[in-house]
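J.: prediction below, plus the sequence it came from.
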Amino acid sequence: GAVVSQHPSWVICKSGTSVKIECRSLDFQATTMFWYRQFPKQSLMLMATSNEGSKATYEQGVEKDKFLINHASLTLSTLTVTSAHPEDSSFYICSARGVGGAYEQYFGPGTRLTVT
Amino acid sequence: QKEVEQDPGPLSVPEGAIVSLNCTYSNSAFQYFMWYRQYSRKGPELLMYTYSSGNKEDGRFTAQVDKSSKYISLFIRDSQPSDSATYLCAMRNSGTYKYIFGTGTRLKVLA
């Protein structure tokens, strides 16, 4: 149980375009979802926390107009990287916590974004 | 000073060895302690979850929390090459589900 999926697993886009990443909780309802960014050989950096039906709370230094987060349902959150630039290339990971035993954070497999 | 300190490694051990991974922390309000395993280019996988002080065992893994010393450990018995990964500690207090992560320790188990 407590499975989280992400789509796509890898995306390449051109500079200036926008990219949407989906995060789904497959077997539980996620009351809260978290979005992280991870650079090679570094730990996870929390970008934002979102609760279903509410606006996301962004960490200090994270541009909310650049990283748009929508948590429209109890099983789906999306992260849209707008006007992507090469420095946005990174590994983006979501996690979800909710009810039914999944009280702690369960992570998705991650999405590798490459901006050319 | 970081809230959570973890030696980044890499830590190399022979197959079959007992591995000890550790984190120290400074915030005495932390109550929940987690260990995650992350393979290269994959999301972290929850290995162990402990509330407050004490030991917890699951198969080859044992998690220990010593709140008086602000020190947590993960032991891996009979280590296997498939255990080669980065191990992240994470912790939180009771008022939030936001985690504070360690930097992760890279482990290599040599066949």
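T.: Everything's here; your move. Because the structure is a prediction, the values reported are computed rather than measured.
J.: OK, contacts around the residue in chain A that chain B sits nearest to?
T.: The minimum distance from chain A to chain B, using C-beta to the nearest C-beta, falls at A:F107 (3.9 Å). For the C-beta atoms, the positions are set from N, CA and C on the backbone; glycine is no exception. Neighbouring residues of A:F107 by C-beta atoms under 8 Å, 6 or more residues apart in numbering or on different chains: A:4, A:93-95, B:36, B:43-46.
J.: burial check on the spatially closest residue to B:L110 that is not a sequence neighbour, number of neighbours?
T.: Closest residue in space to B:L110, ignoring its immediate chain neighbours: B:P14 at 5.4 Å, by C-beta to C-beta, 6 or more residues apart in numbering or on different chains. The number of residues packed around B:P14, counting by other C-beta atoms under 10 Å in any protein chain shown, is 9.
J.: ok, B:P14 to chain A distance?
T.: Per C-beta to the nearest C-beta, to the nearest Å, B:P14 is found 24 Å from chain A.
J.: number of residues surrounding the spatially closest residue to B:L11 that is not a sequence neighbour?
T.: Computed as C-beta to C-beta, 6+ apart, the closest residue to B:L11 that is not its neighbour in sequence is B:L107, at 5.1 Å. By other C-beta under 10 Å, the residues close to B:L107 number 20.
J.: distance check, B:L107 against chain A.
T.: Taking C-beta to the nearest C-beta, one finds B:L107 at 14 Å from chain A.
J.: against which helices or strands is the one helix or strand that residue maps to packed?
T.: Assigned by DSSP states H and E, B:L107 belongs to strand B:105-110. Applying 3 or more C-beta pairs under 8 Å, 6 or more residues apart in numbering or on different chains; DSSP states H and E, one finds that strand B:105-110 makes contact with strand B:11-14, strand B:19-25, strand B:85-93.
J.: after the last one, which helix or strand is next?
T.: Right, the one you point to is strand B:85-93. strand B:100-101.
J.: quick one: that following strand to chain centroid distance?
T.: 11 Å (C-alpha atoms, centre = their mean, to the nearest Å).
J.: how much space between A:V81 and B:K67?
T.: 40 Å (C-beta to C-beta, to the nearest Å).
J.: okay, those two: which has more neighbours?
T.: Comparing A:V81 with B:K67 by neighbour count (other C-beta under 10 Å), the higher total belongs to A:V81, at 23 against 15.
J.: any idea what that one is bridged to?
T.: Note on A:V81: beta-bridge partners by DSSP bridges are A:V19, A:F67.
J.: how close does B:F30 get to chain A?
T.: B:F30 sits at a distance of 14 Å from chain A (criterion: C-beta to the nearest C-beta).
J.: what pairs with that residue across the strands?
T.: B:N93.
J.: that one and B:S94 touch, don't they?
T.: No. Look at B:F30 against B:S94 with C-beta atoms under 8 Å: they stay out of range, at 9.0 Å.
J.: nearest to chain A: which residue in chain B?
T.: For chain B, C-beta to the nearest C-beta, closest residue to chain A: B:G43, 3.9 Å.
J.: nice, that's everything, thank you.
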